[in-house]
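Trainee: next comes the sequence, and after it the predicted model I'd like to discuss.
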Amino acid sequence: MKKFLLLMSLLVLVLSACAPTSGEEDKKEEAGSGEKTKIEYWHVNAETLGGKTVEKLVADFNAQSDTVEVTAKFNPDMYKGLMQNLQAEAATGNSPAVVQVGWAFLDYFSQNFEYVEPQTVIDKHFPESKTFLEDNFLPNIIDLAKNSEGSQVGIPYSLSTPVLYINKDMLKEAGLDENGPKTWQDVEKFAKQIKEKTGNYGIYIQEPADNWATQAILESNGAKMLDNGKATFASKEGIEAYEMYKKMVVDDKTALHIGWDQGIQGFIDGKVGMMYTTIAQRSNVQNNAKFDVATVKSPAFEGKEVRLPAGGAMLAITAKDEKEQKAAWEFMEYLYSVEGMAEWTKGTGYVPPRKDVAQSENGLKAFLEENEMMNAAIEQMDGVVPWTSFPGNSGLEAEQKLLDIRDEILGGSVDVEEGLKKTEKEINELLGK
Amino acid sequence: MLEKLKPYLFLAPAIVLLLVFTVIPMVYTLYLSFFDWNMISPTKEFVGLDNYINILTNDTTKKVIFNTFFYIVVLILFNCVITYIFAFIIGYVVKRFKGFYKVAFFIPSVISLVVGSILFTWILNPISGPVAIIGEMFGFSIPNWSKTDGLVIIVLSLIVSWKVFGYNFIVLYASVVGVSKEIIEAARLDNISNLRIFIDIVLPMSSATGFYILILTIVQGLQYVFTPIKVITQGGPNYGSSNLIYQAYHEAFVVYKTGQSAALAMITLLIFVILLLLEFLFVERRIYYENS
């Protein structure tokens, strides 16, 4: 542990020693050419999380713009770390121009920081782009970045959804349709048959320290995590969906109940027939699986529509003065261009939030032909809904309670109805505080 | 005047470090434990003893304290008792390959625990890891340890002992071999069994080092075990693998309840002070110090 810390601190030292100097050099070079508006773009993308793509996008933008000079600033510790830095920056009276805000911080950000709605900036300075947002985003997608008061805080940028990965070889071996199941009822049957015919586990549903996948299953059956500020997941539909999940894990033992890394590893090693997890795992699975692997769209419940929570972040404009706001949109319009989006998708594994990127020649057409597994995620964009973040100061604690009950239910130590009702009550008490 | 100051001057670097990295953070933690703060918000709300009341009336805390003691028992078994026995066996019973054993035991100590945790997650993966595959050939299967109460603590402790064993072993070995050869030879001549030699001669005569390792196992082991908890289970299933130290981290950096976390840290400190006092009272007095 100590050695690890030492290494980490060394690494941080080295990184912090490198980063500002290179930035300063850039600035000095630019100082000669004069009139550009300088703005900062704050992101959370470390080297392994698309950091290089951020650098490339910023460099390309700076090269083609005569008016704006962007400096990208990396914030460690993901979206929370960025919020903390933003807090410190706000205390000094400054602010960056464009920031990434994770969905979980949507309400917190809009209540505690100054921002300007993108449409306001567009209307004021770029009347020719007046319909940019309407034209290029599905209504359910652009709504992801609306806070509980209905203000369009930003624009969705990084987007991920859950898909079903299938081991085609194993499905064939079990005598099943190799195109995979369409509904959760089918999933249940598939899992059972895989277990009977091959002896392997049928499915693994991701269990990281969040409720993303659970929300996808519950809400796809018509339940609502949150309604009018109150937790409502212990409805008839919610209990029914969770019962199905529990039945596969506890009674049939066709679904694997294990940590996220081990589950993914089990699927890649060919010990699990199907896996329900984020599209962001695509390149990992695609590069390491030795069998015929594919993805299919998130299953629905029979006769119902899927509702898939979005993972990722949006971009918001925090620039205060008008010149900077104008520059901020010029930069964002570049990031949201077909080429910019295509670059971002290739570098990160996220799904492009805007339309027309997938089919376009200068977009992702060639890339998608090579990486067919992306298609499932792109096709299900109309089913995307916001990832529920419980409001108020106890929001994270409420989220934690859902994790606790997941462990209890899947561990078989508590009845679904009783457990969900109890948790719902506890969360509502927290929210009522 | 200068002569009087001199000792303090020499102490200064150590005192400054102690102040900056131990005393001041501790005082600040005490301060934070009376506030409700989410680490991001600029304002802290004073809540008096609420954080402490919350923690002491909470079922999770009870579970976590119980786990902590479970960890202590398992860690003492793996990292102190078994290590002691190994040191004795390598020192007095085994005749050949001593050098090889010493090196083999020590190697894991230089490998990072994060690496170790990832390695063991893979080796012990109950469905596709190598142990599971070999087990399958002989018809037994590995239980789903990362989701089973109790077992998860034992496996995580095992991972820690994999790391700590070597260092503890070398230290104990040095002390065990340091016991005067004549006494052992004499005992051997009288046909005393190895077990009696260990319990009646070696153990008492190396007890000073043994005591050091015992304290180290408890204090450091609980901190070491943080790494596999964080990497493998994040405290799950349902706090089944969380201990006081991980829980303090969880409260502060996962759910951002700094006050609760600080209060829990203060309680942890108190528990450890009491433990140490008990140890000094009942164990320390019987220790044999060669030079005193």
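Mentor: That came through fine.

Trainee: grab the nearest non-local neighbour of the closest residue to chain B within the stretch 201-350 of chain A.
Mentor: Proximity to chain B, evaluated over the stretch 201-350 of chain A using Cβ to the nearest Cβ, is greatest for residue A:269 at 3.7 Å. Every residue, glycine included, has its C-beta placed from N, CA and C. Distance criterion Cβ to Cβ, 6 or more residues apart in numbering or on different chains; nearest residue to residue A:269, sequence neighbours excluded, is residue B:128 at 3.7 Å.

Trainee: cool, residue A:76 as well?
Mentor: residue A:46 (7.4 Å).

Trainee: what number of residues lie near that neighbour?
Mentor: The tally of other residues near residue A:46 (other Cβ atoms under 10 Å in any protein chain shown) stands at 16.

Trainee: phi first, then psi, for it.
Mentor: With angles defined as degrees, to the nearest 10, residue A:46 sits at phi -70, psi 170.

Trainee: over to residue B:266?
Mentor: phi -70, psi -40.

Trainee: wait, isn't it in contact with residue B:32?
Mentor: No: between residue B:266 and residue B:32 there is no contact under Cβ atoms under 8 Å: 9.5 Å.

Trainee: compare those two (neighbour count), which wins?
Mentor: Neighbours per residue (other Cβ under 10 Å) separate residue B:266 from residue B:32, with residue B:32 holding more: 22 against 19.

Trainee: any idea how far that one is from residue A:393?
Mentor: Counting by Cβ to Cβ, to the nearest Å, the gap from residue B:32 to residue A:393 is 16 Å.

Trainee: residue A:258 versus the spatially closest residue to residue B:236 that is not a sequence neighbour, what's the distance?
Mentor: In space, and not counting its chain neighbours, residue B:236 is closest to residue A:407: 5.5 Å by Cβ to Cβ, 6+ apart. Relative to residue A:258, residue A:407 is positioned 12 Å away (Cβ to Cβ).

Trainee: before we move on, what about residue B:150?
Mentor: Distance from residue B:150 to residue A:258, by Cβ to Cβ: 17 Å.

Trainee: ok, those two, which is more surrounded?
Mentor: residue A:258 (24 against 13).

Trainee: show me where the chain has strands.
Mentor: As the question left the chain open, I've gone with chain A. Under the criterion DSSP state E, strands of chain A are mapped to A:37-43, A:68-74, A:98-102, A:155-160, A:162-167, A:201-205, A:226-227, A:230-231, A:255-256, A:272-278, A:293-296, A:308-309, A:311-317, A:384-385.

Trainee: nope, chain B please
Mentor: B:35-36, B:45-46.

Trainee: between those, which one is closest to residue B:64.
Mentor: strand B:35-36 (20.7 Å; Cβ to Cβ).

Trainee: what's the burial count for the residue of the stretch 201-350 of chain A closest to chain B?
Mentor: With other Cβ under 10 Å as criterion, residue A:269 counts 18.

Trainee: residue B:149 contacts residue B:239, correct?
Mentor: No: with contact defined as Cβ under 8 Å, residue B:149 does not count as touching residue B:239 (9.6 Å).

Trainee: check what pLDDT residue 92 gets.
Mentor: In the absence of a named chain, this looks at chain A. pLDDT for residue A:92: 81.

Trainee: my bad, chain B
Mentor: Residue B:92 carries a pLDDT value of 85.

Trainee: what residues are up against it?
Mentor: B:176, B:184, B:194, B:197, B:202 (Cβ atoms under 8 Å, 6 or more residues apart in numbering or on different chains).

Trainee: got the contact list for residue 65?
Mentor: Just going to use chain A. Residue A:65 makes contact with A:36, A:330-331, A:334, according to Cβ under 8 Å, 6+ apart.

Trainee: if you could check chain B rather than the one you did, that'd help
Mentor: Residue B:65 makes contact with B:244, B:271, according to Cβ under 8 Å, 6+ apart.

Trainee: where in the stretch 1-150 of chain A is pLDDT low?
Mentor: Within the stretch 1-150 of chain A, the stretches with pLDDT under 70 are A:1-34.

Trainee: as a check, name the ranges of all helices in it.
Mentor: Secondary structure of the stretch 1-150 of chain A, counting by DSSP state H, counting those that start in this stretch: helices at A:2-33, A:51-64, A:78-91, A:106-112, A:118-125, A:132-136, A:139-142.

Trainee: equivalent analysis for the stretch 51-200 of chain B, please.
Mentor: For the stretch 51-200 of chain B, applying DSSP H, counting those that start in this stretch gives helices covering B:59-76, B:82-88, B:98-106, B:113-123, B:130-137, B:151-177, B:181-189, B:194-196.

Trainee: adding distance to residue A:307 and mean pLDDT, write the ones you listed out as TSV.
Mentor: Listed next are the helices of the stretch 51-200 of chain B as TSV, based on distance: least, Cβ to Cβ, whole Å; pLDDT from 0 to 100:
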stretch	distance to residue A:307	mean pLDDT
helix B:59-76	31	93
helix B:82-88	53	91
helix B:98-106	55	87
helix B:113-123	33	90
helix B:130-137	36	88
helix B:151-177	34	92
helix B:181-189	74	88
helix B:194-196	67	89
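
Trainee: burial of the residue in the stretch 1-150 of chain B positioned nearest to chain A, as a residue count?
Mentor: The nearest approach of the stretch 1-150 of chain B to chain A comes at residue B:128, 3.7 Å away (Cβ to the nearest Cβ). As a burial measure, residue B:128 scores 19 neighbours (other Cβ under 10 Å).
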